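Peer 1: Dropping a prediction and its sequence here:
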Amino acid sequence: MTKRIVIALGGNALGNTPEEQLKLVKDTAKPIVDLLKEGYEIMIGHGNGPQVGMINLAMEYASQGEVNTPYMPFPECGAMSQGYIGYHLQQAIGNELKNQKIDKSCATVVTQVIVDENDKAFSNPTKPIGSFYSKEESEKIAKEKGYTFVEDSGRGYRRVVASPQPVEIVESDIIKSIVNNGNIVITVGGGGIPVIKTKDGLKGVPAVIDKDSSSAKLALELEADMLVVLTAVEKVAINFNTPDQIDLSSLTLDEVNKYIAEDQFAKGSMLPKVESCKRFVENSKKDSIAIITSLEKAAEAIKGETGTVIRK
Ligand SMILES: Nc1ncnc2c1ncn2[C@@H]1O[C@H](COP(=O)(O)OP(=O)(O)O)[C@@H](O)[C@H]1O
Ligand SMILES: NC(=O)OP(=O)(O)O
């Protein structure tokens with residue numbers, strides 16, 4: 001039977017500028033199309049932290065100065081980031097499908113994800129977005145704009161916004177029909193545009209959902225066999241970045257719980273990935289697995305030759 005995979009693409013698959021992104025997505029397209037060729041059904045989720053931060057900053061700047069464009073709300077900036085990233089990815093994957101003479105298509109679905117308006121994440125912003133700043137720069141911007149900044153994994157200071165849990169993927173039926181036809185779908189970009197239910201219908205809210213969390217949700221809703229989280233490291237480690245670092249080839253759910261309790265996975269980087277994989281494996285009705293590895297090693301990891309596999 002055809003196996004269904006959800007791939008969650010990390011920041012290093014996209015870069016930080018349009019030029020960088022256009023170049024990187026070409027490298028991303030090849031292993032994805034290779035997997036389709038091997039008979040897998042493929043859904044792609046991706047991050048948007050740097051991109052939504054950039055769009056939001058640019059739109060805010062333009063709405064304040066002499067240019068005076070209309071104010072662009074944050075959920076609309078999220079939608080723009082999905083379109084911008086989806087456009088580059090679907091173009092690169094479309095070109096690769098043509099190069100490999102595969103008669104299938106790739107499309108992006110602008111995706112809304114329902115969140116709970118009472119999610120406590122709204123009063124505790126944790127999701128880093130946009131550029132990295134020095135401590136002094138971040139303090140200046142925080143004072144001017146009232147933003148919250150945190151130090152992000154030793155890489156500098158970044159603005160943080162609320163990151164509620166995904167509750168339901170609004171467009172899951174259309175996503176299913178695309179993938180059922182053997183085509184590649186790019187969806188839940190940037191975790192999806194967070195929306196809440198109101199008496200007048202859905203309404204966007206200013207937040208950024210974690211893309212690994214939404215990719216896990218997608219994998220559960222579409223009964224995927226595998227969730228593949230692609231990031232900058234080949235394997236998850238314990239004692240990460242210390243002389244005692246041990247790279248892990250496999251993790252059971254019990255081991256995941258033990259290492260989470262020991263604080264082995266950094267908050268805001270590896271922890272949400274491991275937690276998303278755990279949620280998928282724990283709740284999947286099948287014997288599904290999750291893999292965390294790098295884009296370069298994705299094909300090998302799916303064959304079981306590298307990466308960190310998380311299973312029941
Ligand atoms: N225990 C760990 N094992 C491996 N990597 C870790 C660990 N803790 C933190 N990391 C870091 O987390 C990074 C992945 O998080 P991040 O950069 O936020 O992901 P993304 O690829 O989605 O942008 C890795 O590249 C690595 O530097
Ligand atoms: N939305 C999201 O999770 O983006 P990043 O992966 O860029 O943080």
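Peer 2: It's in. Ligands and ions are numbered 1, 2, ... in the order given.
Peer 1: Now do the helix or strand containing V25: distance to the chain's middle.
Peer 2: Applying DSSP states H and E as the criterion places V25 in helix 18-37. Distance, stretch centre to chain centre, for helix 18-37: 16 Å (Cα atoms, centre = their mean, to the nearest Å).
Peer 1: count of neighbours near the nearest residue in space to T2 that is not next to it in sequence?
Peer 2: Nearest non-adjacent residue to T2, counting by Cβ to Cβ, 6 or more residues apart in numbering: E41, 5.5 Å away. (Glycine included, C-beta is placed from N, CA and C.) Counted with other Cβ atoms under 10 Å, residues neighbouring E41 total 22.
Peer 1: circling back: in its sheet, which strands sit next to the next helix or strand along the chain from the helix holding V25, and in what direction?
Peer 2: As assigned by DSSP H and E, the chain's next helix or strand after helix 18-37 is strand 41-46. Here strand 41-46 is paired, per DSSP bridges, with strand 4-9 (parallel), strand 184-186 (parallel).
Peer 1: ok, the residue nearest to T2 - contacts?
Peer 2: T2, K3, R4, I5, V179, N180, G182 (Cβ atoms under 8 Å, 6 or more residues apart in numbering).
Peer 1: Show me what it is bridged to.
Peer 2: When assigned by DSSP bridges, E41 has beta-bridge partners R4.
Peer 1: got a pLDDT number for it?
Peer 2: Looking at E41, its pLDDT stands at 97.
Peer 1: The stretch 1-150 of the chain: strands as residue ranges?
Peer 2: In the stretch 1-150 of the chain, the strands defined using DSSP state E, counting those that start in this stretch lie at 4-9, 41-46, 106-108, 112-114, 127-133, 148-151.
Peer 1: neighbours of the residue of the stretch 101-250 of the chain found nearest ligand 2, just the number please.
Peer 2: Nearest to ligand 2 in the stretch 101-250 of the chain, going by Cβ to the nearest ligand atom, is K211, at a distance of 3.5 Å. The local packing of K211 (other Cβ under 10 Å) involves 28 other residues.
Peer 1: Thanks a lot, catch you later.
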